[in-house]
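Engineer: Below are the sequence and a predicted model; questions follow.
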Amino acid sequence: MEKINITLPDGTQREVEKGATALDVAKSISEGLARNVLAAKVNGEVWDATRPLTEDTTLTLLTWNDDEGKSTMWHSSAHLMAEALEALYPGIKLGIGPPIENGFYYDVDFGEQSFSSDDFPKIEKKMLELAREKNEYIRKAVSKADAVTYFEEKGDEYKLDLIKDLEDGSITFYTQGNFTDLCRGPHIPNTGFIKAIKLMNTAGAYWRGDENSKQLTRIYGITFPKQKELSEYLERLEEAKKRDHRKLGKELELFTFSERVGQGLPLWLPKGAALRDRLERFLKAAQKKAGYDPVITPHIAQKELYECSGHYAKYGEDSFRPITTPHEGEEFMLKPMNCPHHCEIFKSSPHSYKDLPIRYAEFGTVYRYEQSGELHGLTRVRGFTQDDAHIFCTPDQVKEEFVKVIDLVLYIFKTLDFQDFTAQVSLRDPENPDKYIGSTENWDKAENAIKEAAAEKGLKTVVEYGEAAFYGPKLDFMVRDAIGRQWQLGTIQVDYNLPERFELEYTGADNQKHRPVMIHRAPFGSMERFIAVLIEHCAGKFPLWLMAEQVAILPISEKYNEGAEALSKVLNNSDIRALVDNRNEKIGRKIRDTELKKIPYMIIYGEKEHESGELSIRKQGEGDVGSMDTKAFIELIQNEVNSQIGEFE
RNA sequence: GCCGAUGUAGCUCAGCGGUAGAGCACUUCCUUGGUAAGGAAGAGGUCACGGGUUCAAGUCCCGUCAUUGGCUCCA
């Protein structure tokens, strides 16, 4: 019998018979491992664990602990759901059923049959039933003609549409139980690995994402190898729901919306405005140190400005319509971007290379007509404020400026406790060099500058080719919040387009005119979005320095209201935001209400404190933390605030 | 924008053809209490808006608006 060599990830080698499978290899290591193998990575490609190996191979066994193992299982789960659906709804047609980040979906055309999420339990039950049969997923290569015949007989036009684009000889079917699907695989060995099943929701989805095509019913689901993991997943979803910024924003009285004001136009309530103001002042202080010059520009501008910038041609149709003057019929647009205004500021006077870089910063409110279905709390709105700045510099200064902006972003992330983040570097699509404006030399220079700056700062980066804007490469910061969700926040973008369009120039050392490079940057991104993410990240328990109400003084009875008021004045004079709960309520009640408002510190104030001057302190979420005098308490708060904000160097 | 769901008191929700409900919040009174809900009374609603069906409509039907889960989009 012929032998082949298997190299495992730890470098060890094994000799097995030709035609052995990854599962066989797993068995030769341990039975326990074999029971957990979902798929295998064979020379870098994910395969069925049951597919025969025919040549020397480097092999990684994939289990539930590997992302590829999970997605294989979810892909197989999509097939299992399709099998259950076919059994329960004969005659349905199937679109595509891929794994996604959390689970899988399948797009289904139910034809005349009615379907709703009320049917989920029935389907889940059927899926479990089929899973217990431990049906194997069997791979079979078919010719294009046979594939077409199969789905013609089945009458599934979607699969036929898919086959149309496939090359003869590359087509495979997978069969488990009574269900056969067009599929490139891979799959788990059998359905028995699927132990816990939950269908999540349904949604309309166009065939091939084209809104002119038929709309199918997309069913989302997720499966696990253990019931316990499903429960944990559902708990995490519950936790996310509790942290939802829309819910907390209402409870903590941060912001609201009004139908009469309009969709996607947030109204900041006093506490939310105070929070936002504190964040803005924090960034302004850092930007001052970093050499930014604050500027202020109006909310509207002549349409011509955006024709010049090119924004009108690209987005004009999907923007708020222009505002017109009463008589002359001049057209003005609500500003969708601050950059054209800043370009005009740059142009207002001549510049020498000695002036560069020039950094104009503005908390600029912009308005964009987002599709109504896209609006979502504070994360997707129609009017929002960018912590915008535009840096005008020479091509040689790009890297240094990038490094400085990264420093600023890192300072913010550190202060607000976003510890887990990655930087996405978006570069040109090497296949389509003509898509981009600006010289190849400048692009090379800028792309290298970004990569070098990111490397110098030790950022964890992901490089995406083809994700650059047509006007320049960019660096986006993706943060992971406290419960593991990813959000895109800050962005730094190089721009060759606007300096060109606005004919910006500076005089170089050679006494010639040169075109500056522009860098757009927004460390928060937008105040709205950032605050939404911050709320969800800290579950509404903001760091002390950001809290609108830092300390609640709770008098034991009305007799001590006066003393409590006096104490609050002392604290307020030391820049501590304190309030007195002077309601006619018992202390237990006041503590409870204060806890729910997430106020970080409480001072219980009664006879004992009034006499001794020693304050009884409670910390939110922790309870009684002992007593101290007023001076010590003030220091405690001030030290905590100072340690949270730190210094931007 | 498209498909589905939802819209009842400040908030969370029940009611689903026959006189608008609960809990919390709010107001007043009683109580003046020591570490997560003291007691009583009261006030509060054109049941999102506009049409229709019906003797009778939060309740059934249609439209609009908004919210929401997705899809498409995102300077």
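Structural biologist: Nice, thanks for sending it over.

Engineer: hey, let's count contacts and neighbours off CA atoms from now on
Structural biologist: Noted.

Engineer: which residues touch the closest residue to A:Arg368 other than its chain neighbours?
Structural biologist: Spatial nearest neighbour of A:Arg368, chain neighbours left out: A:Arg382 (5.1 Å); criterion: C-alpha to C-alpha, 6 or more residues apart in numbering. Residues near A:Arg382 by C-alpha atoms under 8 Å, 6 or more residues apart in numbering: A:263-265, A:367-370, A:375.

Engineer: possible to save those as TSV with distance to A:Lys513 and pLDDT?
Structural biologist: Shown next, in TSV, are the contacts of A:Arg382 (distance: C-alpha to C-alpha, whole Å; pLDDT from 0 to 100):
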residue	distance to A:Lys513	pLDDT
A:Gln263	47	91
A:Gly264	44	93
A:Leu265	43	93
A:Tyr367	35	94
A:Arg368	35	93
A:Tyr369	38	92
A:Glu370	40	92
A:Leu375	45	92
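
Engineer: does RNA strand B sit close to stretch A:513-529?
Structural biologist: No: judged by C-alpha under 7 Å from any atom of the strand, stretch A:513-529 stays clear of RNA strand B, getting no closer than 8.8 Å.

Engineer: tell me which residues in that stretch are buried?
Structural biologist: A:514-529 (16 or more other C-alpha atoms under 10 Å).

Engineer: count of residues packed around A:Pro90?
Structural biologist: A:Pro90 has 11 neighbouring residues, counting by other C-alpha atoms under 10 Å.

Engineer: so it, which of the three states?
Structural biologist: coil (DSSP: H, G, I helix; E, B strand; the rest coil).

Engineer: Average pLDDT for stretch A:304-319, rounded please.
Structural biologist: In this model, stretch A:304-319 has an average pLDDT of 88.

Engineer: Also stretch A:511-527?
Structural biologist: Stretch A:511-527 carries an average pLDDT of 95.

Engineer: Got the phi and psi for the most centrally placed residue in chain A?
Structural biologist: In chain A, the centroid-proximal residue (C-alpha atoms, centre = their mean) is A:Trp487; its distance is 2.2 Å. Dihedral pair for A:Trp487: phi -140, psi 140, per degrees, to the nearest 10.

Engineer: one step back: restrict the contacts of A:Arg382 to those near RNA strand B?
Structural biologist: Among the contacts of A:Arg382, the residues lying close to RNA strand B (C-alpha under 7 Å from any atom of the strand) are A:263-264, A:368-370, A:375.

Engineer: sorry, back to before: and the buried residues of stretch A:513-529, which of them are in helices?
Structural biologist: Counted as lying in helices by DSSP state H, out of the buried residues of stretch A:513-529, are A:527-529.

Engineer: Now render the residues you listed as TSV, adding distance to A:Pro350.
Structural biologist: Listed next are those as TSV, based on distance: C-alpha to C-alpha, whole Å:
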residue	distance to A:Pro350
A:Met527	33
A:Glu528	36
A:Arg529	36
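
Engineer: At the contact with RNA strand B, which residues of the stretch 151-300 of chain A appear?
Structural biologist: Counting by C-alpha under 7 Å from any atom of the strand, the residues of the stretch 151-300 of chain A close to RNA strand B are A:201-206, A:209-211, A:215, A:217-218, A:246-247, A:257, A:259, A:262-264.

Engineer: Show the buried residues in those.
Structural biologist: Judged by 16+ other C-alpha under 10 Å, buried ones among these: A:202, A:205-206, A:215, A:217-218, A:246, A:257, A:263-264.

Engineer: Tell me which of those residues fall in helices.
Structural biologist: When DSSP H defines the helices, the subset of these inside them is A:Arg246.

Engineer: Out of the buried ones among the residues of the stretch 151-300 of chain A next to RNA strand B, which comes closest to A:Arg51?
Structural biologist: Of all those, A:Arg51 sits closest to A:Arg218, with 30.6 Å by C-alpha to C-alpha.

Engineer: per-residue confidence at that closest one?
Structural biologist: 88.

Engineer: quick one: it and A:Thr202 touch, right?
Structural biologist: Yes: the pair A:Arg218 and A:Thr202 passes the contact test of C-alpha atoms under 8 Å, sitting 5.4 Å apart.

Engineer: Please identify which of the ones in helices among the buried residues of stretch A:513-529 is nearest to RNA strand B.
Structural biologist: Set against RNA strand B, the nearest of these by C-alpha to the nearest atom of the strand is A:Arg529 (11.4 Å).

Engineer: List the contacts of the closest one.
Structural biologist: Neighbours of A:Arg529 in contact, by C-alpha under 8 Å, 6+ apart: A:378-380, A:489.

Engineer: Would you pull up the residue in the stretch 251-400 of chain A closest to RNA strand B?
Structural biologist: Using C-alpha to the nearest atom of the strand, the closest approach of the stretch 251-400 of chain A to RNA strand B is made by A:Gly373 at 3.2 Å.

Engineer: looking at this, that residue is in a helix?
Structural biologist: Yes: under three-state DSSP, A:Gly373 sits within a helix.

Engineer: pretty sure the residue nearest to the centre of chain A is in contact with A:Phe524, am I right?
Structural biologist: No: look at A:Trp487 against A:Phe524 with C-alpha under 8 Å: they stay out of range, at 11.5 Å.

Engineer: Excluding chain neighbours, give the residue nearest to A:Lys271 in space.
Structural biologist: In space, A:Lys271 is closest to A:Leu254, 5.3 Å off (C-alpha to C-alpha, 6+ apart).

Engineer: what's the neighbour count on the one you found?
Structural biologist: Counted by other C-alpha under 10 Å, the residues lying close to A:Leu254 total 22.

Engineer: Ok, A:Thr630 next?
Structural biologist: By the criterion of other C-alpha under 10 Å, A:Thr630 has 15 neighbours.

Engineer: Tell me the spacing between the closest residue in space to A:Gly291 that isn't next to it in sequence and A:Lys288.
Structural biologist: Excluding its sequence neighbours, the residue lying closest to A:Gly291 (C-alpha to C-alpha, 6+ apart) is A:Arg359, at 7.0 Å. To A:Lys288, A:Arg359 is 10 Å away according to C-alpha to C-alpha, to the nearest Å.

Engineer: what's the answer for A:Leu62, then?
Structural biologist: 51 Å.

Engineer: Comparing those two, which shows the higher neighbour count?
Structural biologist: Set A:Leu62 next to A:Lys288 and count neighbours by other C-alpha under 10 Å: A:Leu62 wins out with 25 against 12.

Engineer: what secondary structure does A:Asp168 sit in?
Structural biologist: Quick answer, by three-state DSSP: A:Asp168 is coil.

Engineer: That one is in contact with A:Lys144, isn't it?
Structural biologist: Yes: counting by C-alpha under 8 Å, A:Asp168 touches A:Lys144, with 4.9 Å between them.

Engineer: Give the residue from those two that has the larger number of neighbours.
Structural biologist: A:Lys144 (18 against 14).

Engineer: Give the buried residues for stretch A:37-48.
Structural biologist: A:37-42, A:46-48.

Engineer: Need those in CSV (columns: secondary structure).
Structural biologist: Listed next are these as CSV, based on three-state DSSP:
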residue, secondary structure
A:Val37, coil
A:Leu38, coil
A:Ala39, strand
A:Ala40, strand
A:Lys41, strand
A:Val42, strand
A:Val46, strand
A:Trp47, strand
A:Asp48, coil
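
Engineer: For the residue lying closest to A:Ile222 once chain neighbours are set aside, grab the count of nearby residues.
Structural biologist: Excluding the flanking residues, the one nearest A:Ile222 by C-alpha to C-alpha, 6+ apart is A:Gly103, at 4.1 Å. A:Gly103: 23 surrounding residues under other C-alpha under 10 Å.
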